[in-house]
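*Asks:* Any chance you could fold what I've pasted below:
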Amino acid sequence: MNIDAKKIELIDWIARLQDQKTINSISQLKAQLARKQVDDRIEVFGSGKDMIDFVSDDFNDPIEHFKDYEK
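*Replies:* From the prediction side, this is the model:
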């Protein structure tokens, strides 16, 4: 059984649930997993090293479009 079939089977099972306690447990698990995913995205200082390959020579030059907003 591939991953998409398993997802559909799980969604179908959750949709048929009638037990409030089980539904609450699944909801709490979902919240925990969402927090874990956010925590996993937090980068370690320096982890982006060597990710930028090129910076244009005019990178720090003023942008013409924003001249009206400059002091």
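*Asks:* average pLDDT across the longest helix seen in the chain?
*Replies:* Scanning the chain for the helix with the most residues, using DSSP state H, yields helix 20-41. On average, the pLDDT along helix 20-41 is 82.
*Asks:* tell me how far that helix is from the chain's mean position?
*Replies:* Counting by CA atoms, centre = their mean, to the nearest Å, helix 20-41 is centred 14 Å from the centre of its parent chain.
*Asks:* can you pull the buried residues of that helix?
*Replies:* Using 16 or more other CB atoms under 10 Å as the burial criterion, none of the residues of helix 20-41 qualify. For the C-beta atoms, the positions are set from N, CA and C on the backbone; glycine is no exception.
*Asks:* Can you tell me which helices and strands it packs against?
*Replies:* Contacting helix 20-41 under the criterion 3 or more CB pairs under 8 Å, 6 or more residues apart in numbering; DSSP states H and E is no other helix or strand.
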